[in-house]
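> Below is the structure, and that's it, no one-letter string:
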């Protein structure tokens, strides 16, 4: 199986803050990997590092440059224009002719069940609808790797289920799925492997069933019990 990421002893600093410290990680194509840990543990920084938005100050970082990537942020940014244009613009900026970009964008909206809202102003959509537009925008790029930062944290239960369904379908189609989440039920449903981070350190890396059924490091067990300060 192709290896899409290989991180060895990487560290990321923001001034005096050590966001990641001496982290090593290998991720293969087609994996479903969840990043868990309390706020400030390094989950978002690790995702941004994998996406190339943050550069480590130490260690080695290798990725499969042939594997296209897309990333969804916790609060997706919507341009003050139509839903269709919000999806098509990324394709156009990538060199796709505008008529083709619009056609591909419409297909992506159909994929997430929002083709009926194509002409609506994206800013006027609900949070769940905006997250599905962001998923369409990512899917339109045909990525092999999809990175998601707390993709359902601010959504109602119905919207959460819809976004989870799309994530599962993308992964079933062979996409590598790497996401952070505080929703442990979501982690159980979607992930095959769990990474536990605490204060920038990677303390556990194991199959999902093993993570939730133990034994696991004491800090991770305290986190699962809600006892971590």
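Thanks, I have the structure now. Please read all numbers here as calculations on a predicted model, not as lab measurements.

> What is whichever strand or helix holds residue 138 packed up against?
Per DSSP states H and E, residue 138 falls inside helix 127-140. Under the contact definition 3 or more CB pairs under 8 Å, 6 or more residues apart in numbering; DSSP states H and E, helix 127-140 sits against strand 69-72, helix 83-93, helix 98-111, helix 157-172. C-beta coordinates here come from the backbone N, C-alpha and C atoms, glycine included.

> Next, name the residue at the spatial heart of this protein.
The chain has residue 148 as the residue nearest its centroid, 1.4 Å off, counting by CA atoms, centre = their mean.

> That residue belongs to a helix?
No. With DSSP: H, G, I helix; E, B strand; the rest coil as the criterion, residue 148 is strand rather than part of a helix.

> Please name the nearest non-neighbouring residue to it.
Distances taken as CB to CB, 6 or more residues apart in numbering place residue 179 nearest to residue 148, at 3.9 Å, with adjacent residues excluded.

> Residue 29 too?
residue 2 (4.3 Å).

> Kindly report the same for residue 216.
Excluding the flanking residues, the one nearest residue 216 by CB to CB, 6+ apart is residue 204, at 5.7 Å.

> go on, residue 115?
Nearest residue to residue 115, sequence neighbours excluded (CB to CB, 6+ apart): residue 109, at 4.6 Å.

> ok so, going back, touching, the residue nearest to residue 148 and residue 151? I think so.
Yes. At 6.1 Å, residue 179 counts as touching residue 151 under the criterion of CB atoms under 8 Å.

> which neighbours do those two share?
Overlap of the contact sets of residue 179 and residue 151 (by CB atoms under 8 Å, 6 or more residues apart in numbering) consists of residue 167.

> So, low pLDDT: which residues of the protein?
In the predicted model of the chain, residues 1, 227-229 satisfy pLDDT under 70.

> Tell me the spacing between the residue nearest to residue 29 and residue 31.
Noted for residue 2: a distance of 11 Å to residue 31, by CB to CB, to the nearest Å.

> ok, the two, which is more surrounded?
residue 31 (18 against 11; other CB atoms under 10 Å).

> For the more buried one, give me its contacts.
176-178, 192-193.

> returning to what we had before: please look at the residue nearest to the centre of the chain and residue 175 and confirm they touch.
No. Here residue 148 does not reach residue 175: they are 11.0 Å apart, not a contact under CB under 8 Å.

> Just the buried residues of stretch 19-27, please?
Judged by neighbour count (16 or more other CB atoms under 10 Å), stretch 19-27 contains these buried residues: 19-21, 23, 25, 27.

> Now for the residue nearest to residue 216: which residues touch it?
194-196, 211, 216-217, 220 are the contacts of residue 204 under CB under 8 Å, 6+ apart.

> rerun at 7 Å
Residues in contact with residue 204 (CB atoms under 7 Å, 6 or more residues apart in numbering) are 196, 211, 216-217, 220.

> Please apply the same query to residue 78.
Residue 78 makes contact with 86, 122-123, 130, 133, according to CB under 7 Å, 6+ apart.

> Buried members of these into PyMOL, please.
Typed into PyMOL, the line below selects the buried ones among the contacts of residue 78, using 16+ other CB under 10 Å:
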select buried, resi 86+122+130+133
